[in-house]
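Visitor: requesting a structural model of the entry that follows:
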Amino acid sequence: MNEKLLNAENPYMDASSGCRLCPRECGAYRSRGEEGLCGAGKEIRVARAALHFWEEPCISGTEGSGTVFFSGCSLRCVYCQNREISRGRAGAAVSPERLAEIFLELQEQKANNINLVTAGHYLPQVREALLLARAGGLSLPVVYNTSSYEKPELLRGLEGLVDIYLPDLKYLDPDLAWSYSRARDYPKRAMEAIGEMVRQVPETEFDSQGKMKKGVIVRHLLLPGHVKEGKRIVSYLHERYGNQIYISLMNQYTPTEEVKADPLLGRKVTRREYRRLLDYALEIGVEQGFFQEGDTAKESFIPPFDLEGI
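Guide: So this is what the prediction gives:
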């Protein structure tokens, strides 16, 4: 079934009921030119493909992560920092063949890995591009960087092609998921998706320089005023997976113009809030993780989506 769902010539988005690649199952006939709720249509759209230095140290290293930013997103986070591309309006159309070439070009630039950012709504074509790139000599680890609003049955089609999963776990509270991302089922979907990722990559492996070759790093972006939710997420991940995964706790939330008037989302995370979350993680025994130092809530951490490398 997975081969049929992810076959580039007969993709899931061409089923009789329209696109059902993501949990929203919006039914858009993308193969006929319609756009889904994700903002994506028939073709892959990519906004940037370049070395990126702002991921976790074991991902970026000193050489940079070969990061490909895809346009569109199945979530609708009101605070989205990448709104320019998440609404599907930025970027240029590329074929699977061209996408495979981009992967190989990033390898030639000495990237540590190929980092696919929000690619779920293009899974059939991305899978084809990975197969083409592997056949063409791609030897770097592949990172799948996702919001986790994914279908496990489709992620299974990436088994053996993805080496490192880099998922978010944004919320466990369905009401919060609805208020901030218009997806009440996000917690259930994300937990199931992360479970599938850990099944595929159950062990962590690093090279002699400390760069990750295989593994799962689950990210949580702490939102202002939501330390309690952050603690729930850390507790769930630690109890469920222990040292099978790394937990990355992020304080880089940056208020956008769209939420400046919100009493919580309109401000940055305070040092005290972030410290409380880190202290809690240590208290419950989290041993494998990453945290951020200094003032990371800066717009400079948002790369220019200027079609570099496309």
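
Visitor: who does the residue minimising distance to the centre of the chain bridge with?
Guide: Nearest to the mean C-alpha position of the chain, counting by C-alpha atoms, centre = their mean, stands Thr146 at 1.8 Å. On the basis of DSSP bridges, Thr146 is bridged to Pro167.

Visitor: pretty sure it is touching His121, no?
Guide: No - in this structure, Thr146 is not within contact of His121 by C-beta atoms under 8 Å, at 10.6 Å. In this view, the C-beta of every residue, glycine as well, is placed from N, C-alpha and C.

Visitor: contact partners for the residue nearest to the centre of the chain?
Guide: Counting by C-beta atoms under 8 Å, 6 or more residues apart in numbering, Thr146 touches 118-120, 165-168, 193.

Visitor: state the distance from it to Pro255.
Guide: Note on Thr146: its distance to Pro255, by C-beta to C-beta, to the nearest Å, is 23 Å.

Visitor: go ahead and confirm Arg48 touches Thr67.
Guide: Yes - here Arg48 reaches Thr67: they are 7.4 Å apart, a contact under C-beta under 8 Å.

Visitor: in terms of neighbours, single out the busier of the two.
Guide: Thr67 (26 against 23; other C-beta atoms under 10 Å).

Visitor: what about that one, distance to Ala50?
Guide: From Thr67 over to Ala50 (counting by C-beta to C-beta), the distance is 7 Å.

Visitor: equivalent analysis for Gly36, please.
Guide: 26 Å.

Visitor: more neighbours, those two?
Guide: The neighbour comparison of Gly36 against Ala50 (other C-beta under 10 Å) goes to Gly36, with 24 against 21.

Visitor: now that one: closest residue in space that isn't a chain neighbour?
Guide: Among residues not flanking Gly36 along the chain, Ala28 sits closest, at 4.0 Å (C-beta to C-beta, 6 or more residues apart in numbering).

Visitor: the strands in the stretch 51-200 of the chain, which residues?
Guide: 65-70, 92-94, 114-117, 142-146, 164-167 (DSSP state E, counting those that start in this stretch).

Visitor: please identify the deepest-packed of those strands.
Guide: Neighbour counts (mean count of other C-beta atoms under 10 Å) averaged over each of the strands of the stretch 51-200 of the chain peak at strand 65-70, with a mean of 28.

Visitor: what sits closest to Ala190 if chain neighbours are left out?
Guide: Ser148 (3.7 Å).

Visitor: near the one you found, how many other residues are there?
Guide: 24.

Visitor: on contacts alone, who are the packing partners of the helix or strand where Ile217 lies?
Guide: Using DSSP states H and E, Ile217 falls within strand 212-221. Packed against strand 212-221 by the contact rule (3 or more C-beta pairs under 8 Å, 6 or more residues apart in numbering; DSSP states H and E) you find helix 57-60, strand 164-167, helix 186-200, strand 205-206, helix 227-241, strand 246-250.

Visitor: buried set for the last one?
Guide: Okay, so that is strand 246-250. 246-250 (16 or more other C-beta atoms under 10 Å).

Visitor: with the fifth one instead?
Guide: Residues of helix 227-241 classed as buried under the neighbour-count rule (16+ other C-beta under 10 Å) are 227, 229-234, 236-238, 241.

Visitor: what does it rub up against?
Guide: Contacts for helix 227-241 (C-beta under 8 Å, 6+ apart): 169, 171-173, 176, 191, 198, 216, 218, 220, 222-223, 245, 247, 249, 273, 276-277, 280-281, 284-286.
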